[in-house]
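Student: 3D model of this:
(chains A and B)
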Amino acid sequence: MPLAGDGNLKVISAFFLIPRQADLDETFSVLPRMSYAQPFLDKPQRTDVLLMSPWLAPIMWEGTFNRDILNTQYRQKNLVVGVATFAVKKYVRFIEGFLRSVNIFFLSGHRVNFYLFTDHPEKVPSMKLAPEKRLFIIPVESYSRWQDISMNRMDIISSYIRNRWRYEVDYLYSMDIDVQLFEHIGVEIIDTLVGTISSWQYTKPRENNSYERRPESRAAIPRGEGDFYYAASFYGGSVSEVYKLTTACFKGVTEDRANGIEAKWHEESHLNKYLLYHKPTRLLSPEYYWDDELIRPPIIKVKRLSSVRKNLKEVRS
Amino acid sequence: MQKAQGKTEGVKGYFRKRHVHVICCITMLCFIFGYVWNTSNGTWLDTPIQICNTMRNNTQDLDDFTKIKLLSNHICLLEDSLQIELPRMIYTKPQTLKPPRTDVLMMTPWFAPIVWEGTYNSEILNEQFRQRNVTIGLTVFAIKKYVVFLQKFLETAETYFMVGYRVNYYIFTDRPEAVPKVALKEGRNIVVLQVQNYARWQEISMRRMEMISYFSQQQFINEVSYLVCVDADMRFNDQVGVEILSNLFGTLHPGFYASERQSFTYERRPASQAYVPHDEGDFYYMGSFFGGTVKEVYKLTKKCHEAIMMDKAKGIEAIWHEESHLNKYFLYHKPTKILSPEYMWDNNMGSPAILKKRRFLAVPKNHAAIRNK
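Tutor: Reported below is the predicted structural model:
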């Protein structure tokens, strides 16, 4: 596997390869005959939850979509999806559970490259993955503060897109490692810029959302603004959009550091600022990142991805 | 060949010194190029929209949409819609547990939004579209007596259609002198396209597909970002704005929005290209209001025209003419947005509760009189 920061590789790859062309932005070539229940105009699939944002971005909830149609449309495009995840220091213990569950439930049947950044590559268990799934283990240094580890992910993702991933994948998602999947997550997540609504805050009015409020920080969102509170544990989109997002967020982090301030929820605060002024084209409901400490209400019909229970103090030390 | 002094190690006598120098220079240039490309800090990702537009405008003699796509994708690797940063805006927060409407379907099973009043925020959408600097083309056919509808059509379009945006009204007519002079707001133009008429009104109706596809390729691709194709015997009655714009959109027929798929008036004879079997069908779309990006409208109209010609060769005419072919197309090429019956209504059909607005209305006419010479 090519190692991070291999200078020679950078030059050669830039010269000979051209970036992949993600073109999900057009309609697909002709679909085959398919059999499914008719949608009715006066019978909404769900009335208990918001299905679309005010800027007409669909919100993914169980019961609102037909995965067969989506899969058929998706397969015609011959796309590859990348997933970036970080397992540093004690977080290596989550690798096995993560890989086992994504192998079964994440974009099952579709090509996915998992890019696992770790400071202990020797601790990655060897595992047989499904034929369309590939795992790339990338050694990375760790930092003493867990907040820094968390925030620097943005920088690493941004530079990897620029140097490598734009040649390898069309869509790129960032996922926390300390999660497991319990239900299928499929091509319904694939869109230009995708954010996940936080399971902690989806019921709160905007004054109570945990945005960064101090104007000195680059992540500040003034009172009276804000659509949703997005979780930094799962976001993604096309490589160019994720590049712009991560570059902008890390720039905010760096400028804050220079001013001696750290945003309330670290890179998640910067992510929320970015997604407020660059509206996502698709949103994932809290089904797509459920914090295990919360009791699941009936409107969350399915828990697709959930954080793994852990002692935060212990695992971050 | 003489073995000259100074030959490079490893190429003993196979190349002259001069050749070796040339090869080395070329290799050096390649590496320098690669290095510069790579360290230009991701500027490929910052390529502005202007380059995309220039590429499109310069391909005047294009006859292949694939060519444009390959060229523009290679240079502009950004989706146009997201090169924008919104300014600060104040509006009511969307609530995850309180949908604005629970009486209607908001979205198709393939995530195409269905546009209803109350479900979108015009301010946000306007901000997104204005930054993209779009021009919209509105095509309308006024053949023979249908020129009489143009005055009202254009006047109401000026009041309600894409207000504040650059609009080209493409008026297809066999009587250019009969096109009325209507006062237009800034940034809006009338473009008269002279076309032939046909004896039968059904033929006139179906040939629109051919004409739109031809002009899309020849002209519209260089002038507008989106095309909206509508009937002339209509008037605008309420806002029809950028909430309708998408890659490919269709409008629900007001007579069938509550019907079962078996009773949709699809073409049911297998001999026709427009045939749809009884167990298939999402919606019944109206032939008088569809649109999308120029490329998608080109693909749709080209396909429909080819299908109409194939039917003609077999001596068959689909039951609802080009509308049947349009419905077949939308079944197997799902639209990315659907307009609710708010966007296509006839006052004779009453006022159901789900219809909060009536934006585009049929103008009463005497069918027999207007369709004959």
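Student: tell me who's in contact with the residue nearest to A:Lys204 when sequence neighbours are not counted.
Tutor: Taking C-beta to C-beta, 6 or more residues apart in numbering or on different chains as the measure, A:Lys204 lies nearest to A:Tyr229, with 7.3 Å between them; neighbours along the chain are not counted. Using the backbone N, CA and C atoms, a C-beta is placed for each residue, glycine as well. Residues near A:Tyr229 by C-beta atoms under 8 Å, 6 or more residues apart in numbering or on different chains: A:Ile197, A:Ser198, A:Trp200, A:Gln201, A:Tyr202, A:Lys204, A:Asn209, A:Ser210, A:Tyr211, A:Asn272.
Student: please report phi then psi for A:Tyr229.
Tutor: The phi and psi torsions at A:Tyr229 (degrees, to the nearest 10) take the values phi -100, psi 120.
Student: the stretch 201-317 of chain A: strands as residue ranges?
Tutor: Under the criterion DSSP state E, counting those that start in this stretch, the stretch 201-317 of chain A carries strands at the ranges A:230-238, A:282-284, A:305-307.
Student: what's the longest one packed up against?
Tutor: Read it as strand A:230-238. Strand A:230-238 makes packing contacts with strand A:171-175, strand A:193-197, helix A:239-258, helix A:267-277 when contacts are defined by 3 or more C-beta pairs under 8 Å, 6 or more residues apart in numbering or on different chains; DSSP states H and E.
Student: any idea which helix or strand of chain A has the worst average confidence?
Tutor: Every helix and strand in chain A was compared by mean pLDDT, DSSP states H and E; the lowest is helix A:7-16, with a mean of 38.
Student: that one: what's the following helix or strand?
Tutor: Once helix A:7-16 ends, the next helix or strand along the chain (criterion: DSSP states H and E) is strand A:59-60.
Student: show me the contacts for B:Asn347.
Tutor: For B:Asn347, the contacting residues are B:Arg358, B:Leu361, B:Ala362, taking C-beta under 8 Å, 6+ apart as the criterion.
Student: where does the stretch 1-150 of chain A dip in pLDDT?
Tutor: For the stretch 1-150 of chain A, the stretches flagged by pLDDT under 70 are A:1-29.
Student: let's go with 90 and repeat that
Tutor: Counting by pLDDT under 90, the low-confidence segments of the stretch 1-150 of chain A come to A:1-45, A:76-78, A:141-150.
Student: and what of the stretch 201-317 of chain A?
Tutor: Along the stretch 201-317 of chain A, the parts satisfying pLDDT under 90 run over A:201-209, A:224, A:291-294, A:296, A:308-317.
Student: 80 instead, please
Tutor: Low-confidence regions of the stretch 201-317 of chain A, defined by pLDDT under 80, span residues A:312, A:317.
Student: what does it put close to chain B?
Tutor: For the stretch 201-317 of chain A, the contact set with chain B under C-beta under 8 Å from any C-beta of the partner chain comprises A:202-203, A:205-206, A:222, A:224-228, A:238, A:240-241, A:243-244, A:247, A:276-279, A:281-282, A:285, A:299.
Student: now do 7 Å
Tutor: Counting by C-beta under 7 Å from any C-beta of the partner chain, the residues of the stretch 201-317 of chain A lying close to chain B are A:202-203, A:205-206, A:224-227, A:238, A:240-241, A:243-244, A:277-279, A:299.
Student: just the buried members of the residues you listed?
Tutor: Buried residues within those, defined by neighbour count using 16 or more other C-beta atoms under 10 Å in any protein chain shown: A:202, A:206, A:225-227, A:238, A:240-241, A:243-244, A:278-279, A:299.
Student: now do the contacts for B:Glu85.
Tutor: With contacts defined as C-beta atoms under 7 Å, 6 or more residues apart in numbering or on different chains, the neighbours of B:Glu85 are A:Tyr277, A:His278.
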